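Peer 1: here is my input; please provide its structure:
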Amino acid sequence: MQDNKSQEAKIWDKELLLKRVLHNKEIYDAVLNAFIEDIPELSRRLMNEISNMSFIEIAAISHNIKGCAYNIAANSLGDTASNIETSAKEKSIKEISKLFHLLEEQLSLLLSELTAEL
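Peer 2: Take a look at the predicted model:
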């Protein structure tokens with residue numbers, strides 16, 4: 001069980017988010033709901049731009065995902081999005097594709113956690 005807890009902490013730091021919103025449950029729920037609502041569309045857009053090899057758009061969308069992730073203390077997801085952004089600036093489609101698969105896995109786990117939280 002401890003192993004599962006450490007994995008959850010890597011996906012999302014609930015306590016850090018609560019601290020950021022001063023333990024205000026209403027703001028906490030609003031922030032999580034906004035993330036849950038917005039992030040799937042950003043992920044779809046990113047996938048489309050990767051298919052089109054539109055490096056400027058890949059960088060912009062991954063930057064947006066990075067900000068959303070860091071806002072809710074999902075640092076692993078934010079780091080992966082940051083790495084995609086860097087790879088887009090370097091026009092490394094192979095690295096972008098590899099990282100996008102990781103981002104999708106992280107996002108799936110995170111959305112499961114967040115949905116269970118609300």
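Peer 1: same question for the longest helix seen in the chain, mean pLDDT?
Peer 2: Counting residues, the longest helix found in the chain (DSSP state H) is helix 25-52. Averaged across helix 25-52, the pLDDT comes to 97.
Peer 1: got the buried residues for that helix?
Peer 2: By 16 or more other CB atoms under 10 Å, the buried positions in helix 25-52 come out as 28, 31-32, 35-36, 39, 42-43, 45-46, 49-50. In this view, the C-beta of every residue, glycine as well, is placed from N, C-alpha and C.
Peer 1: which strands or helices does the strand or helix carrying A69 pack on?
Peer 2: Using DSSP states H and E, A69 maps to helix 55-71. Applying 3 or more CB pairs under 8 Å, 6 or more residues apart in numbering; DSSP states H and E, we find helix 55-71 packed against helix 25-52, helix 75-89.
Peer 1: pLDDT below threshold where in the chain?
Peer 2: For the chain, the stretches with pLDDT under 70 are 1-9.
Peer 1: E26 and N71: what is the separation?
Peer 2: E26 sits 16 Å away from N71, going by CB to CB, to the nearest Å.
Peer 1: what does I39 give?
Peer 2: Shown here: I39 relative to N71, a distance of 11 Å by CB to CB.
Peer 1: same check on S112?
Peer 2: 19 Å.
Peer 1: pick out whichever of these two has more residues nearby.
Peer 2: Shown here are S112 and N71; by other CB atoms under 10 Å, N71 has more neighbours (14 against 11).
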